[in-house]
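Undergrad: My questions concern the predicted model and sequence given below.
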Amino acid sequence: MNAPQPIHHDMLLEFTGGEDDGAREQYLSFLLGDEEYAVDILKVQEIKGWSGVTPIPNCADYVKGVINLRGTIVPVVDLRLRFGLPASEYGPLTVVIVLRIVGGGRERIMGVVVDAVADVHNLPVEELKPPPTFGASVDTEYLRGLATVEERMLILLDIDRLLSSGELAVGDEGGG
């Protein structure tokens with residue numbers, strides 16, 4: 001299995017279109033441990049290097065705090081901790097992906113801390129697979145689907161559902 005190579009957060013994302021031979025969707029992939037996840041590229045507002053946050057008391061452990069992004073207070077969630085993975089030290093490849101989330105009838109801005117950005121994938125819609133059914137013991141509500149890219153499994157997240165859940169109410173009153 002080929003491991004995705006992380007790319008630095010200063011990368012320039014180029015969205016090139018080609019001949020439209022079928023419906024395609026673009027996803028930004030990122031790493032959490034050994035797994036590669038992806039979000040709809042249209043949800044991504046920007047990618048920032050990790051530079052710390054202002055902690056907010058009495059939040060879940062995966063809510064790292066908030067950042068001030070050009071006057072907008074943006075809650076930041078560590079996706080490793082949100083998914084129950086062990087904490088990892090933040091390093092030079094650690095980034096915050098700033099996302100536009102739609103939930104509860106409104107749009108807001110949130111950031112997610114990930115180990116590294118991996119790639120931009122232009123995936124044919126017909127190749128996207130629905131999430132598997134594991135029964136009641138495993139919650140797949142936040143999964144949009146799965147895709148295979150160069151023999152690697154790419155886990156597509158429904159980031160709106162994941163970050164609009166009730167326990168992530170931080171920042172609801174702020175600008176966003």
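TA: Thanks, I have it. Predicted model only: the values in this text are computed from it and were never measured. Residues are numbered from 1 along each chain as shown.

Undergrad: hey, let's count contacts and neighbours off CA atoms from now on
TA: OK.

Undergrad: Quick check, W50 in contact with V95.
TA: Yes. Contact criterion CA atoms under 8 Å: W50 and V95 qualify, at 5.0 Å.

Undergrad: any residues in contact with both of these two?
TA: Counting by CA atoms under 8 Å, 6 or more residues apart in numbering, the residues touching both W50 and V95 are V113.

Undergrad: where does the residue nearest in space to the middle of the chain fall, phi/psi-wise?
TA: Nearest to the mean C-alpha position of the chain, by CA atoms, centre = their mean, lies V39 at 5.3 Å. Phi and psi for V39, reported as degrees, to the nearest 10, are phi -130, psi 150.

Undergrad: follow-up on the earlier one: between W50 and V95, which is the more surrounded one?
TA: Neighbour count, other CA atoms under 10 Å: between W50 and V95, V95 has more, with 24 against 18.

Undergrad: Could you pull up the residues touching that one?
TA: For V95, the contact set (CA under 8 Å, 6+ apart) comprises H9, I47, K48, G49, W50, V113, V114, D115, A116, V117.

Undergrad: same thing with R144?
TA: Here R144 is in contact with P130, P131, I155, L156, L157, D158 (criterion: CA under 8 Å, 6+ apart).

Undergrad: If you rank those by neighbours, which is first?
TA: Busiest of those [other CA under 10 Å] is L156, holding 24 neighbours.

Undergrad: Got the confidence number for that one?
TA: pLDDT for L156: 94.

Undergrad: can you map out the helices along this structure?
TA: Under the criterion DSSP state H, helices of the chain are mapped to 79-82, 159-163.

Undergrad: Turn these into CSV, columns for mean neighbour count, distance to P57 and mean pLDDT.
TA: Output for the helices of the chain, formatted as CSV (neighbours: other CA atoms under 10 Å; distance: least, CA to CA, whole Å; pLDDT from 0 to 100):
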stretch, mean neighbour count, distance to P57, mean pLDDT
helix 79-82, 18, 17, 92
helix 159-163, 19, 19, 88
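
Undergrad: just so I know, which of those lies nearest F30?
TA: Nearest of the helices of the chain to F30, taken as CA to CA: helix 79-82 at 10.7 Å.

Undergrad: chain center to the closest one: distance?
TA: 10 Å (CA atoms, centre = their mean, to the nearest Å).

Undergrad: List the contacts of the helix or strand bottoming out on mean pLDDT in the chain.
TA: Using mean pLDDT, DSSP states H and E, the weakest-scoring helix or strand in the chain turns out to be helix 159-163, at a mean of 88. By CA under 8 Å, 6+ apart, the residues outside helix 159-163 that reach it are V39, I101, V102, G103, M110, E141, Y142.

Undergrad: Dump it to PDB, keeping only the CA atoms.
TA: Provided in PDB are the C-alpha atoms of helix 159-163 (Å, rounded to 0.1, in the frame of the first residue of the first chain):
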ATOM      1  CA  ILE A 159     -17.900  17.600   7.700                       C
ATOM      2  CA  ASP A 160     -21.200  19.500   8.100                       C
ATOM      3  CA  ARG A 161     -22.600  16.700  10.200                       C
ATOM      4  CA  LEU A 162     -19.400  16.100  12.100                       C
ATOM      5  CA  LEU A 163     -18.900  19.700  13.200                       C
END
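
Undergrad: I appreciate the help and will end here.
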